[in-house]
Every structure is written in C-alpha cells, then in structure tokens.
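> Predicted model and sequence follow; I will ask about them next.
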Amino acid sequence: MKKFIFLALICLVLTACSNGEKNTETQKTDNTDTTEKTDTAALEAEEEKPTYQIGKTATITSDLYGFDYEVTVNDFQLTREVDETPIEDYLIGAREEDRFAVVDVTIKNISEEAYVPNQMFSANFSAIDENGGDISNDEFFAAGDEELAPGEELTGHLVYLTDINYADTFVLKYEFMSDQETHFELPNPEQ
C-alpha cells in the first residue's frame, strides 16, 4: 500500500512538472510571436519616414521642444574645399577620396517663439541604408548660431566629412530617432 501511494505521488509530481514545461513553451512561443510582430511594425514605421528631395520643403515638428520649423535642402555637393578651407587643412592625412559633404539648407522659423537653430536641433548625415550618422561641423554653419525670430529664415550650409565612394545616395535626417524623423535623400553627385 505504501508503495502504491509513493508511486501515485511520483506520478502526480511528474504530471505537474510536465504541465509546467508545456506552459513555459506556450509562453515562449507567445513572446516570440509578439517580438516578431513588434520587429515587423518597427521596420514598417522605419520605411514610413517622410522623405524629401533636393528643392522640396519639409515642415518638421521638434520632438523635444514641440515647435514647428521648415527645412529646404537647396543643393548638395561633395568638394575638397569649403569656405576657403581645403580639406587638407581640416583633416590631417586627407586622402584623394576624402570630401566635404556640403548640404545647403534654408531653415524657416514657423513657430511663435525665437530660438537658435544650432541649440535646438541638428541633422544627421549617413548613407541611405545606415542608421545613425554624423552631425555637422557647426563651425561652417555660423548662421545657425544666431537667434531666428518667428517668420524669419536663414540659409547656410551643413558640412560633413565623407568619401566619394562611400554611398550612391546619402540621407540627411532631422529629428533623428523620434516619431518626427524626416529624411532628405541626397544622390551622390560624383557617381
């Protein structure tokens, strides 16, 4: 009789353990499905970022400060000199392929408050298929250090360092990593 009770207890314990493993497997499967759905949604959101071409104006909302501003990319070029500064003076050991990436932009303050653009937002520059990117060298965008009153606009150039063979198409990203992220597609003029 004692053996029968002992065997019955062992069977109950094994059955309980077995059900626990099935529940864990079900939870893992449910979590995997949820993760895959989240990843798919993130990729779809990534693809839905507003993208503009040279000459087009984007109205952008600052994710951090909540004001609106307009950006127009007027021109894009790769050059070895900007503002009378040769790349060799700026980049020690510059190679033949190294270039300044110069993006001429117009920024218009369409909010009700004055602000200094270089203090409130920046634009990342990368190859079109990359996340992240480089920020501009503000020393070449001195106009962005001045207060911009409501209704006023400024024009200047954002300057980055790149290689002429780095990408067929570059992208300029405002409000990077926010719901307001906005892209400007910049074809490589050297290719």
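In hand now; what should we look at?
> Glu152 contacts Ile110, correct?
No: if you go by Cβ atoms under 8 Å, Glu152 and Ile110 don't touch, sitting 10.0 Å apart. Using the backbone N, CA and C atoms, a C-beta is placed for each residue, glycine as well.
> correct me, but Val99 touches Leu78?
Wrong residue type there; residue 99 is Arg, not Val. Yes: between Arg99 and Leu78 there is a contact under Cβ under 8 Å: 4.1 Å.
> Comparing those two, which residue is more hemmed in?
Using other Cβ atoms under 10 Å, the more surrounded residue of Arg99 and Leu78 is Arg99, with 26 against 21.
> measure the more buried one to Asn188 for me?
10 Å (Cβ to Cβ, to the nearest Å).
> can you list residues touching both of these two?
Common contact partners of Arg99 and Asn188 (Cβ atoms under 8 Å, 6 or more residues apart in numbering): Leu78, Ile164.
> what residues are up against Gln119?
Counting by Cβ under 8 Å, 6+ apart, Gln119 touches no other residue.
> Let me see the mean pLDDT of the helix or strand hosting Asp104.
Per DSSP states H and E, Asp104 falls inside strand 98-109. What strand 98-109 shows for mean pLDDT is 98.
> What pairs with that strand, parallel or antiparallel?
Here strand 98-109 is paired, per DSSP bridges, with strand 68-79 (antiparallel), strand 153-163 (antiparallel).
> what about these, which gets the closest to Leu172?
strand 68-79 (6.5 Å; Cβ to Cβ).
> Quick check: what element follows the closest one along the chain?
Using DSSP H and E, the next helix or strand after strand 68-79 towards the C-terminus is strand 81-82.
> Distance from the chain centre to that following strand, please.
In terms of Cα atoms, centre = their mean, to the nearest Å, the centre of strand 81-82 is found 26 Å from the chain centre.
> Kindly report the same for stretch 71-86.
That offset, for stretch 71-86, works out to 21 Å (Cα atoms, centre = their mean).
> again with stretch 110-125
Stretch 110-125 sits 17 Å away from the centroid of its parent chain (Cα atoms, centre = their mean).
> And stretch 134-142, by the same measure?
Counting by Cα atoms, centre = their mean, stretch 134-142 is centred 17 Å from the centre of its parent chain.
> And that stretch, what's buried?
By 16 or more other Cβ atoms under 10 Å, the buried positions in stretch 134-142 come out as Ser136, Phe140, Phe141.
> isn't the last one right up against Leu154?
No: the criterion here is Cβ under 8 Å, and Phe141 misses it with Leu154 at 9.4 Å.
> in this protein, what spans have low per-residue confidence?
Where the chain drops to pLDDT under 70, the residues are 1-47.
> Which stretches in it count as strands?
Applying DSSP state E to the chain gives strands spanning 51-52, 57-61, 68-79, 81-82, 85-86, 98-109, 123-127, 134-135, 153-163, 169-174, 182-187.
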